[in-house]
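> Dropping the sequence and predicted coords here.
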Amino acid sequence: MDVQDLLEKLLRGDVPALARAISIVENERPGFETLLSGAHRHLGRARRIGITGPPGAGKSTLTERLVTAWRSRGVTVAVVAVDPTSPFTGGALLGDRIRMEAVALDRGVYIRSMASRGSLGGLATSTREVCDLLDAFGFDRILVETVGVGQSELDIARMADSTMLVVVPEGGDGIQALKSGVMEAADLLVVNKADRPGADRMRKELEGALQIRRGNAGIRVTAHHGSLLKVQGPPPGADDEGWQPPVLPTSAVKGEGIAEVVDALDRHWDALTAGGELVARRRRRVHAMTREVADRALRRWLWQESDADARLIARVDEVMTGRTSPYELAAELVDGFRQASI
Ligand SMILES: Nc1nc2c(ncn2[C@@H]2O[C@H](COP(=O)(O)OP(=O)(O)OP(=O)(O)O)[C@@H](O)[C@H]2O)c(=O)[nH]1
Ligand SMILES: [Mg+2]
(Lines give C-alpha, C1' and ligand atoms only; values in the text may rest on other atoms or scores of the structure.)
(Ligands and ions follow the chains in the order given, each with its own letter.)
Protein backbone atom coordinates (compact mmCIF):
# COMPACT_ATOMS: atom_id res chain seq x y z
CA MET A 1 0.00 0.00 0.00
CA ASP A 2 1.37 3.36 -1.06
CA VAL A 3 0.97 5.79 1.84
CA GLN A 4 1.61 8.81 -0.38
CA ASP A 5 -1.07 7.72 -2.81
CA LEU A 6 -3.53 7.18 0.04
CA LEU A 7 -2.79 10.63 1.45
CA GLU A 8 -3.36 12.29 -1.91
CA LYS A 9 -6.71 10.56 -2.29
CA LEU A 10 -7.70 11.59 1.23
CA LEU A 11 -6.77 15.21 0.55
CA ARG A 12 -8.92 15.11 -2.59
CA GLY A 13 -11.92 14.14 -0.47
CA ASP A 14 -12.04 10.42 -1.18
CA VAL A 15 -14.13 8.89 1.64
CA PRO A 16 -12.93 5.26 1.29
CA ALA A 17 -9.34 6.57 1.45
CA LEU A 18 -10.22 8.43 4.65
CA ALA A 19 -11.72 5.30 6.20
CA ARG A 20 -8.64 3.30 5.22
CA ALA A 21 -6.26 5.94 6.56
CA ILE A 22 -8.14 6.02 9.87
CA SER A 23 -7.89 2.28 10.34
CA ILE A 24 -4.17 2.35 9.52
CA VAL A 25 -3.64 5.09 12.10
CA GLU A 26 -5.88 3.50 14.71
CA ASN A 27 -4.06 0.19 14.47
CA GLU A 28 -0.62 1.80 14.16
CA ARG A 29 0.04 -0.20 11.01
CA PRO A 30 3.28 0.27 9.05
CA GLY A 31 3.48 3.69 7.47
CA PHE A 32 0.99 5.34 9.82
CA GLU A 33 3.45 7.95 11.03
CA THR A 34 4.51 8.80 7.47
CA LEU A 35 0.83 9.28 6.66
CA LEU A 36 0.27 11.59 9.65
CA SER A 37 3.45 13.46 8.95
CA GLY A 38 2.31 14.12 5.39
CA ALA A 39 -1.13 15.19 6.60
CA HIS A 40 0.34 17.59 9.12
CA ARG A 41 0.85 20.55 6.84
CA HIS A 42 -2.78 20.34 5.78
CA LEU A 43 -4.09 20.82 9.31
CA GLY A 44 -5.65 23.75 11.06
CA ARG A 45 -8.82 24.41 9.13
CA ALA A 46 -11.22 22.39 11.27
CA ARG A 47 -12.58 23.60 14.58
CA ARG A 48 -12.21 20.80 17.09
CA ILE A 49 -14.85 20.52 19.75
CA GLY A 50 -14.71 18.10 22.67
CA ILE A 51 -17.92 16.99 24.38
CA THR A 52 -17.57 15.21 27.67
CA GLY A 53 -19.74 14.47 30.68
CA PRO A 54 -21.09 11.65 32.82
CA PRO A 55 -22.69 8.57 31.23
CA GLY A 56 -26.17 9.18 29.91
CA ALA A 57 -26.04 12.99 30.19
CA GLY A 58 -27.26 13.25 26.61
CA LYS A 59 -23.98 13.91 24.84
CA SER A 60 -24.88 11.83 21.79
CA THR A 61 -28.36 13.32 21.54
CA LEU A 62 -26.84 16.78 21.76
CA THR A 63 -24.19 15.85 19.22
CA GLU A 64 -26.87 14.75 16.81
CA ARG A 65 -28.69 18.06 17.27
CA LEU A 66 -25.50 20.03 16.74
CA VAL A 67 -24.72 18.06 13.58
CA THR A 68 -28.18 18.84 12.23
CA ALA A 69 -27.86 22.52 13.15
CA TRP A 70 -24.48 22.83 11.44
CA ARG A 71 -25.60 20.92 8.36
CA SER A 72 -28.53 23.32 7.96
CA ARG A 73 -25.91 26.10 7.89
CA GLY A 74 -23.89 24.27 5.23
CA VAL A 75 -21.12 23.29 7.65
CA THR A 76 -19.56 19.82 7.33
CA VAL A 77 -19.05 17.75 10.48
CA ALA A 78 -17.06 14.72 11.57
CA VAL A 79 -17.99 12.99 14.81
CA VAL A 80 -15.58 10.81 16.78
CA ALA A 81 -17.21 8.86 19.61
CA VAL A 82 -14.63 7.69 22.13
CA ASP A 83 -15.27 5.23 24.91
CA PRO A 84 -12.22 5.06 27.19
CA THR A 85 -13.77 2.22 29.21
CA SER A 86 -14.33 -0.11 26.31
CA PRO A 87 -11.62 -2.26 24.73
CA PHE A 88 -13.84 -2.65 21.67
CA THR A 89 -14.83 -0.18 19.02
CA GLY A 90 -18.37 0.50 20.15
CA GLY A 91 -20.33 1.98 17.32
CA ALA A 92 -23.59 1.29 19.10
CA LEU A 93 -23.17 4.20 21.49
CA LEU A 94 -23.39 6.98 19.01
CA GLY A 95 -22.98 5.70 15.50
CA ASP A 96 -26.19 3.74 15.27
CA ARG A 97 -28.21 6.54 16.73
CA ILE A 98 -27.08 9.06 14.17
CA ARG A 99 -26.94 6.64 11.28
CA MET A 100 -30.66 6.05 11.67
CA GLU A 101 -31.39 9.71 11.22
CA ALA A 102 -31.64 11.88 8.13
CA VAL A 103 -27.92 12.60 8.16
CA ALA A 104 -27.12 8.96 7.36
CA LEU A 105 -26.64 9.52 3.65
CA ASP A 106 -25.22 13.01 3.95
CA ARG A 107 -21.65 13.17 2.65
CA GLY A 108 -21.09 16.24 4.80
CA VAL A 109 -21.21 14.06 7.91
CA TYR A 110 -18.74 11.38 8.94
CA ILE A 111 -19.07 9.27 12.08
CA ARG A 112 -16.44 7.12 13.69
CA SER A 113 -16.21 5.25 16.99
CA MET A 114 -12.99 4.62 18.86
CA ALA A 115 -12.00 2.53 21.85
CA SER A 116 -8.82 1.84 23.76
CA ARG A 117 -7.32 -1.20 22.12
CA GLY A 118 -4.04 -1.19 23.93
CA SER A 119 -2.19 0.79 21.29
CA LEU A 120 1.26 1.95 22.31
CA GLY A 121 0.35 5.60 22.10
CA GLY A 122 -2.82 5.44 24.18
CA LEU A 123 -6.34 6.45 23.32
CA ALA A 124 -5.88 10.21 23.61
CA THR A 125 -3.04 10.10 21.09
CA SER A 126 -4.95 7.87 18.65
CA THR A 127 -8.01 10.10 18.93
CA ARG A 128 -5.96 13.19 18.20
CA GLU A 129 -4.39 11.47 15.21
CA VAL A 130 -7.75 10.42 13.80
CA CYS A 131 -8.88 14.05 14.22
CA ASP A 132 -5.80 15.12 12.26
CA LEU A 133 -6.90 12.95 9.34
CA LEU A 134 -10.43 14.36 9.49
CA ASP A 135 -9.00 17.88 9.59
CA ALA A 136 -6.76 17.21 6.59
CA PHE A 137 -9.74 15.72 4.76
CA GLY A 138 -11.47 19.07 5.12
CA PHE A 139 -14.27 18.84 7.66
CA ASP A 140 -15.33 22.21 9.07
CA ARG A 141 -16.10 20.85 12.55
CA ILE A 142 -14.78 17.82 14.39
CA LEU A 143 -16.82 16.78 17.41
CA VAL A 144 -15.21 14.36 19.84
CA GLU A 145 -17.58 12.75 22.31
CA THR A 146 -16.09 11.01 25.34
CA VAL A 147 -17.97 9.30 28.15
CA GLY A 148 -17.01 10.24 31.66
CA VAL A 149 -15.31 12.98 33.60
CA GLY A 150 -11.99 11.40 34.60
CA GLN A 151 -8.37 11.90 33.62
CA SER A 152 -8.53 10.02 30.32
CA GLU A 153 -11.49 12.12 29.18
CA LEU A 154 -9.62 15.21 30.26
CA ASP A 155 -6.64 14.21 28.15
CA ILE A 156 -8.96 13.84 25.19
CA ALA A 157 -10.71 17.13 25.96
CA ARG A 158 -7.38 18.96 26.01
CA MET A 159 -6.80 18.35 22.34
CA ALA A 160 -9.90 20.32 21.37
CA ASP A 161 -10.13 24.00 20.51
CA SER A 162 -13.36 24.23 22.49
CA THR A 163 -14.39 21.87 25.26
CA MET A 164 -17.98 21.38 26.33
CA LEU A 165 -18.97 19.76 29.60
CA VAL A 166 -22.48 18.30 29.63
CA VAL A 167 -24.21 17.70 32.96
CA VAL A 168 -27.80 16.97 33.98
CA PRO A 169 -30.02 18.62 36.62
CA GLU A 170 -29.94 15.65 39.00
CA GLY A 171 -27.20 14.08 41.03
CA GLY A 172 -24.78 16.88 41.81
CA ASP A 173 -22.77 16.33 38.65
CA GLY A 174 -21.65 19.93 38.77
CA ILE A 175 -19.81 19.46 42.01
CA GLN A 176 -18.32 16.15 40.90
CA ALA A 177 -17.06 17.76 37.74
CA LEU A 178 -15.47 20.49 39.78
CA LYS A 179 -13.59 17.99 41.91
CA SER A 180 -12.25 16.04 38.97
CA GLY A 181 -10.95 19.22 37.40
CA VAL A 182 -12.93 18.82 34.20
CA MET A 183 -14.62 22.12 34.85
CA GLU A 184 -11.23 23.78 34.66
CA ALA A 185 -10.92 22.54 31.11
CA ALA A 186 -14.48 23.44 30.06
CA ASP A 187 -15.10 26.42 27.80
CA LEU A 188 -18.84 25.80 27.76
CA LEU A 189 -21.02 24.17 30.36
CA VAL A 190 -24.26 22.62 29.23
CA VAL A 191 -27.05 21.63 31.60
CA ASN A 192 -28.89 19.15 29.40
CA LYS A 193 -32.31 17.65 30.22
CA ALA A 194 -33.45 21.13 31.15
CA ASP A 195 -36.95 19.80 30.56
CA ARG A 196 -36.57 18.15 33.97
CA PRO A 197 -36.80 19.80 37.37
CA GLY A 198 -33.67 21.23 38.94
CA ALA A 199 -32.03 22.57 35.79
CA ASP A 200 -32.12 26.14 36.99
CA ARG A 201 -30.67 25.20 40.37
CA MET A 202 -27.86 23.30 38.65
CA ARG A 203 -27.17 26.21 36.35
CA LYS A 204 -26.90 28.59 39.32
CA GLU A 205 -24.70 26.14 41.17
CA LEU A 206 -22.34 25.92 38.22
CA GLU A 207 -22.32 29.65 37.67
CA GLY A 208 -21.57 30.16 41.34
CA ALA A 209 -18.72 27.68 41.16
CA LEU A 210 -17.33 29.40 38.08
CA GLN A 211 -17.47 32.75 39.81
CA ILE A 212 -15.72 31.44 42.89
CA ARG A 213 -13.06 29.99 40.61
CA ARG A 214 -12.53 33.36 39.03
CA GLY A 215 -12.95 35.28 42.24
CA ASN A 216 -15.00 37.93 40.51
CA ALA A 217 -18.58 37.23 41.53
CA GLY A 218 -21.41 39.22 39.99
CA ILE A 219 -20.02 40.11 36.58
CA ARG A 220 -22.25 37.92 34.41
CA VAL A 221 -25.31 39.46 32.86
CA THR A 222 -28.08 37.02 32.09
CA ALA A 223 -31.74 37.23 31.13
CA HIS A 224 -34.58 34.73 31.17
CA HIS A 225 -36.48 33.79 28.04
CA GLY A 226 -39.17 31.27 28.79
CA SER A 227 -37.84 28.18 30.48
CA LEU A 228 -34.42 28.51 28.91
CA LEU A 229 -31.73 30.95 29.80
CA LYS A 230 -30.13 33.14 27.20
CA VAL A 231 -26.53 34.00 27.85
CA GLN A 232 -25.22 37.38 26.83
CA GLY A 233 -21.78 37.87 25.36
CA PRO A 234 -18.99 37.70 27.90
CA PRO A 235 -17.81 40.98 29.36
CA PRO A 236 -14.48 41.88 27.80
CA GLY A 237 -11.43 41.14 29.88
CA ALA A 238 -13.40 38.95 32.26
CA ASP A 239 -10.47 36.60 32.59
CA ASP A 240 -7.05 36.11 31.01
CA GLU A 241 -8.53 34.94 27.75
CA GLY A 242 -11.40 37.42 27.74
CA TRP A 243 -13.73 34.45 27.92
CA GLN A 244 -16.12 33.35 30.63
CA PRO A 245 -17.52 29.85 30.21
CA PRO A 246 -21.28 30.25 29.76
CA VAL A 247 -23.70 27.82 31.40
CA LEU A 248 -26.27 26.82 28.79
CA PRO A 249 -29.47 24.89 29.47
CA THR A 250 -30.56 22.54 26.70
CA SER A 251 -33.14 19.90 26.09
CA ALA A 252 -31.49 17.78 23.46
CA VAL A 253 -34.56 15.55 23.04
CA LYS A 254 -36.79 18.55 22.43
CA GLY A 255 -34.16 20.39 20.40
CA GLU A 256 -34.23 23.39 22.75
CA GLY A 257 -31.23 25.58 23.44
CA ILE A 258 -29.26 24.14 20.53
CA ALA A 259 -28.94 27.41 18.59
CA GLU A 260 -27.56 29.01 21.77
CA VAL A 261 -24.89 26.31 21.99
CA VAL A 262 -23.96 26.82 18.33
CA ASP A 263 -23.75 30.58 18.97
CA ALA A 264 -21.67 30.14 22.11
CA LEU A 265 -19.25 27.89 20.20
CA ASP A 266 -18.95 30.54 17.49
CA ARG A 267 -18.35 33.24 20.11
CA HIS A 268 -15.75 31.07 21.79
CA TRP A 269 -14.02 30.58 18.46
CA ASP A 270 -14.03 34.35 17.90
CA ALA A 271 -12.58 34.89 21.38
CA LEU A 272 -9.92 32.24 20.71
CA THR A 273 -8.85 33.79 17.44
CA ALA A 274 -9.10 37.42 18.56
CA GLY A 275 -7.07 36.97 21.72
CA GLY A 276 -4.31 34.82 20.29
CA GLU A 277 -5.46 31.97 22.54
CA LEU A 278 -6.04 29.68 19.57
CA VAL A 279 -2.38 29.88 18.58
CA ALA A 280 -1.38 29.35 22.22
CA ARG A 281 -3.62 26.28 22.52
CA ARG A 282 -2.44 24.84 19.26
CA ARG A 283 1.16 25.46 20.25
CA ARG A 284 0.53 23.52 23.48
CA ARG A 285 -1.07 20.79 21.39
CA VAL A 286 1.94 20.55 19.07
CA HIS A 287 4.23 20.40 22.10
CA ALA A 288 2.20 17.68 23.81
CA MET A 289 1.78 15.83 20.55
CA THR A 290 5.49 15.77 19.75
CA ARG A 291 6.19 14.45 23.25
CA GLU A 292 3.59 11.71 22.71
CA VAL A 293 5.10 10.72 19.40
CA ALA A 294 8.59 10.65 20.96
CA ASP A 295 7.27 8.63 23.93
CA ARG A 296 5.72 6.12 21.60
CA ALA A 297 8.90 5.86 19.53
CA LEU A 298 10.94 5.28 22.69
CA ARG A 299 8.58 2.61 23.96
CA ARG A 300 8.50 0.94 20.59
CA TRP A 301 12.29 0.94 20.43
CA LEU A 302 12.69 -0.23 24.04
CA TRP A 303 10.24 -3.11 24.01
CA GLN A 304 10.03 -4.10 20.37
CA GLU A 305 13.39 -3.25 18.83
CA SER A 306 16.04 -3.31 21.57
CA ASP A 307 17.02 -6.37 23.60
CA ALA A 308 15.55 -4.85 26.81
CA ASP A 309 12.81 -7.42 27.09
CA ALA A 310 15.18 -10.35 26.47
CA ARG A 311 17.49 -8.99 29.15
CA LEU A 312 14.60 -8.53 31.52
CA ILE A 313 13.26 -12.05 30.95
CA ALA A 314 16.73 -13.46 31.59
CA ARG A 315 16.80 -11.83 35.01
CA VAL A 316 13.26 -12.21 36.31
CA ASP A 317 14.40 -15.16 38.43
CA GLU A 318 16.75 -12.84 40.32
CA VAL A 319 13.66 -10.94 41.47
CA MET A 320 11.82 -14.16 42.25
CA THR A 321 14.62 -15.42 44.49
CA GLY A 322 14.92 -12.06 46.24
CA ARG A 323 18.35 -11.11 44.92
CA THR A 324 17.01 -7.90 43.45
CA SER A 325 13.73 -5.97 43.17
CA PRO A 326 11.82 -4.89 40.04
CA TYR A 327 12.90 -1.33 40.86
CA GLU A 328 16.60 -2.10 41.01
CA LEU A 329 16.32 -4.20 37.89
CA ALA A 330 14.46 -1.50 35.96
CA ALA A 331 16.97 1.13 37.10
CA GLU A 332 19.82 -1.11 35.93
CA LEU A 333 18.20 -1.62 32.53
CA VAL A 334 17.62 2.10 32.08
CA ASP A 335 21.14 2.90 33.28
CA GLY A 336 22.56 0.43 30.79
CA PHE A 337 20.79 2.20 27.91
CA ARG A 338 21.75 5.60 29.26
CA GLN A 339 25.43 4.61 29.30
CA ALA A 340 25.15 3.19 25.79
CA SER A 341 23.56 6.39 24.45
CA ILE A 342 26.12 8.83 25.86
N1 LIG B 1 -35.50 14.21 29.34
C2 LIG B 1 -34.45 14.28 28.53
N3 LIG B 1 -33.82 13.15 28.16
C4 LIG B 1 -32.75 13.27 27.35
C5 LIG B 1 -32.28 14.52 26.89
N6 LIG B 1 -31.18 14.30 26.12
C7 LIG B 1 -30.98 12.98 26.09
N8 LIG B 1 -31.93 12.34 26.83
C9 LIG B 1 -32.07 10.89 27.03
O10 LIG B 1 -31.02 10.44 27.85
C11 LIG B 1 -30.60 9.15 27.45
C12 LIG B 1 -29.10 9.16 27.19
O13 LIG B 1 -28.85 9.98 26.06
P14 LIG B 1 -27.50 9.88 25.24
O15 LIG B 1 -27.52 10.98 24.23
O16 LIG B 1 -27.27 8.51 24.75
O17 LIG B 1 -26.46 10.22 26.39
P18 LIG B 1 -24.88 10.10 26.35
O19 LIG B 1 -24.36 11.12 27.27
O20 LIG B 1 -24.38 10.14 24.95
O21 LIG B 1 -24.69 8.65 26.93
P22 LIG B 1 -23.33 7.79 26.96
O23 LIG B 1 -22.63 8.00 25.65
O24 LIG B 1 -23.82 6.38 27.17
O25 LIG B 1 -22.58 8.31 28.13
C26 LIG B 1 -31.42 8.79 26.25
O27 LIG B 1 -32.49 7.99 26.67
C28 LIG B 1 -31.90 10.12 25.74
O29 LIG B 1 -33.11 10.04 25.04
C30 LIG B 1 -32.99 15.70 27.29
O31 LIG B 1 -32.66 16.81 26.95
N32 LIG B 1 -34.05 15.51 28.12
MG1 LIG C 1 -23.07 8.80 23.96
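Thanks, I have the structure now. Ligands and ions are numbered 1, 2, ... in the order given.

> all helices of the stretch 1-150 of the chain, in order?
3-11, 15-26, 32-40, 59-72, 95-99, 123-137 (DSSP state H, counting those that start in this stretch).

> Quick check: which of those is nearest to ligand 1?
Closest to ligand 1 of the helices of the stretch 1-150 of the chain, according to CB to the nearest ligand atom: helix 59-72, at 3.3 Å. C-beta: built from backbone N, CA, C; applies to glycine.

> so how far is the closest one from its chain's centroid?
Computed by CA atoms, centre = their mean, to the nearest Å, the chain-centroid distance of helix 59-72 equals 17 Å.

> Next, the buried residues of that helix.
Buried residues in helix 59-72, counted by 16 or more other CB atoms under 10 Å: 59-71.

> Hmm, residue 55 and residue 153 touching each other?
No: judged on CB atoms under 8 Å, residue 153 makes no contact with residue 55 at a distance of 11.0 Å.

> which neighbours do those two share?
With contacts taken as CB atoms under 8 Å, 6 or more residues apart in numbering, residue 153 and residue 55 have residue 147 as neighbours in common.

> who's more crowded, the two?
The neighbour comparison of residue 153 against residue 55 (other CB atoms under 10 Å) goes to residue 153, with 28 against 11.

> how near is the more buried one to ligand 2?
The spacing between residue 153 and ligand 2, counted by CB to the ion, to the nearest Å, is 12 Å.

> Just the pLDDT at that residue, thanks.
For residue 153, the model assigns a pLDDT of 71.

> Against which helices or strands is whichever strand or helix holds residue 271 packed?
Counting by DSSP states H and E, the element that carries residue 271 is helix 258-274. Packing contacts for helix 258-274, counted by 3 or more CB pairs under 8 Å, 6 or more residues apart in numbering; DSSP states H and E, involve strand 47-53, helix 59-72, strand 162-167, strand 188-191, strand 228-231, strand 247-249, helix 277-300.

> what's next to the first one, contact-wise?
Translated: strand 47-53. 59, 62-63, 131, 135, 140-149, 153-154, 156-157, 159-167, 173, 177, 182, 190, 192, 265, 269.

> do that strand and ligand 2 meet at all?
No: using CB under 5 Å from the ion, strand 47-53 stays clear of ligand 2, coming no nearer than 8.8 Å.

> Could you tell me how far that strand lies from the centre of the chain?
Computed by CA atoms, centre = their mean, the chain-centroid distance of strand 47-53 equals 5 Å.

> tell me the mean pLDDT for that strand?
Mean pLDDT, computed over strand 47-53, is 93.

> Give the burial count for residue 128, as a bare number.
24.

> Residue numbering should commence at 26 henceforth.
With 26 as the first residue, the last one maps to residue 153.

> re earlier: the helix holding residue 296 near ligand 1 at all?
No: applying CB under 6 Å from any ligand atom, one finds helix 283-299 separated from ligand 1 by no less than 10.2 Å.

> Report the buried residues of that helix.
Result for helix 283-299 [16+ other CB under 10 Å]: buried residues 283, 285-287, 289-290, 292-294, 296-297.

> Lowest-scoring secondary structure element of this protein by mean pLDDT?
strand 253-256 (a mean of 37; mean pLDDT, DSSP states H and E).

> For residue 72, list each beta-bridge partner.
Beta-bridge partners for residue 72, by DSSP bridges, are residue 166.

> What separation do you get for it and residue 308?
To residue 308, residue 72 is 17 Å away according to CB to CB, to the nearest Å.

> Also residue 271?
For residue 271, the distance to residue 308 (CB to CB) stands at 25 Å.

> Give me the more crowded residue out of the two.
residue 271 (26 against 10).
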